[in-house]
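[1] Pasting a predicted model and its sequence here:
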Amino acid sequence: MTQASSGLPALHEVFRDAFKIGAALSMGTLSAQASFIAKHFNSITAENVMKPEEVQPHEGIYTFDAADRIFEFAQANHIAVRGHTLLWHNQTGDWMFRNSEGEPCTREQLLGRLQTHINTVVGRYRGQAYAWDVVNEAIEDKSDQYLRNTKWLEILGEDYLREAFEMAHQADPDALLFYNDYNETDPVKRDKIFKLVRSLLDQDTPIHGIGMQAHWNIYGPTIDEIRSALELYASLGLRIHITELDLSMFRFEDNRADLKAPTVEMLKLQEERYAEIFAVLLEYRKVIDSVTFWGAADDYTWLDDFPVRGRKNWPFLFDVHQHPKASFGRLVDLAASK
Ligand code: GLA
């Protein structure tokens, strides 16, 4: 019996009254997990294929085939799409920042390229992507520095974020525009994200929400830290999207690589964590529009290789056979009780 025909409730139906439930897709999972994804998720994000270096690997050369397939799949299955991402220091062609001599380009050149990139990409999917992560990861993790030192900052100065949001808004005035980052519950980084978004709002920037990546694990962050971050971000009067949720079985510093399957204790802890995390997300349902997992089922996760090369991880609600784990049942019970 396939998932689609079984009596299992669809995950997105379970949270129908609260928020959309999303999954990140690769071309591999789009083939391997298509009917499973279509059943359980009502929002999708391209894990990689809409990133700058993927859609514009060389100046003026666009490759939209993979992204187009994601939108076709979404349309055929009545699934919403979050666009990810327009401006990032990573996975962006080096040509973006150089002139024809290979030297750093000028401010005007870079702004022009950003404008062209955003117009072309957002314009192509105008009316189809309901939200965009406009700027990804602009804040520095180290506590004594505010913005991350990137080519964007070096060449354009702090104003680059406002520029990017203005451009995205022009290209699709109806899309919801997000600032997206990780370690978003860490009190120091959280306050910097707040400060950044506050200053964008003070300049009347068209920004509509904060994307909390939520690459968490079964040990942390604490529920108090998650709640404080939600509370602070919500106080800006913006929307919140949980954009890249996964619960790694390992602390970030843990290098153990001996496990072929998760232990019973790990699975139990993960179940408890999923239950307490979704309980707090449900508390904030009025400000949260969508909760997207950074993958869908344990057969494929970027965490299989990160930060320990070749180590398997099991971060989701569904196992390697795309069958629900005990965590899934806990969330069904939780949603029914709220
Ligand atoms: C960040 C990015 C994502 C992805 C993950 C790792 O969170 O926003 O696009 O690259 O890292 O998969």
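    Good, I have the coordinates. From a predicted model like this one, the values you see are computed outputs, not experimental measurements.
[2] if I pick the nearest residue to Q203 once chain neighbours are set aside, what's in contact with it?
    Leaving aside its sequence neighbours, Q203 sits nearest to R162 (C-beta to C-beta, 6 or more residues apart in numbering; 5.7 Å). Quick note: C-beta positions are derived from backbone N, CA and C, even for glycine. Remark: with contacts taken as C-beta atoms under 8 Å, 6 or more residues apart in numbering, R162 is in contact with 200, 203, 205.
[3] Which of those residues lies at the shortest distance from the ligand?
    When those are compared for distance to the ligand (C-beta to the nearest ligand atom), L200 wins out at 18.8 Å.
[4] which bits of the chain sit near the ligand?
    Proximity of the chain to the ligand is assessed by C-beta under 6 Å from any ligand atom, with 84, 136, 182, 213, 244, 302 identified as the residues in range.
[5] ranges for the helices of this structure?
    11-14, 27-32, 34-40, 52-55, 65-76, 107-124, 151-156, 160-171, 187-202, 223-234, 264-283, 326-337 (DSSP state H).
[6] returning to what we had before: of the contacts of R162, which is the nearest to A168?
    The shortest distance between A168 and any of these, using C-beta to C-beta, involves T205 and amounts to 10.3 Å.
[7] Give me the pLDDT value at that closest one.
    The confidence metric pLDDT takes the value 98 at T205.
[8] what do you get for the one 10 residues further on?
    We note a pLDDT of 98 for H215 in this prediction.
[9] List the beta-bridge partners for it.
    D246 (DSSP bridges).
[10] That one and T243 touch, don't they?
    No: distance between H215 and T243: 9.8 Å, which falls outside the contact criterion (C-beta atoms under 8 Å).
[11] need the residues of the chain next to the ligand in CSV with neighbour count, can you?
    Conversion of the residues of the chain next to the ligand to CSV gives the following (neighbours: other C-beta atoms under 10 Å):
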residue, neighbour count
H84, 26
N136, 24
Y182, 19
Q213, 22
E244, 24
W302, 17
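[12] Could you find the closest non-adjacent residue to G211?
    The shortest distance from G211 to any residue that is not its chain neighbour, by C-beta to C-beta, 6+ apart, is 3.2 Å, and that residue is N180.
[13] re earlier: ok, of the contacts of R162, which come out buried?
    Burial by neighbour count, 16 or more other C-beta atoms under 10 Å: within the contacts of R162 this picks out 200, 205.
[14] with the contacts of R162 in mind, which one is nearest to L176?
    Set against L176, the nearest of the contacts of R162 by C-beta to C-beta is T205 (13.5 Å).
[15] What residues does the closest one make contact with?
    Under the criterion of C-beta under 8 Å, 6+ apart, the contact list for T205 reads 161-162, 165-166.
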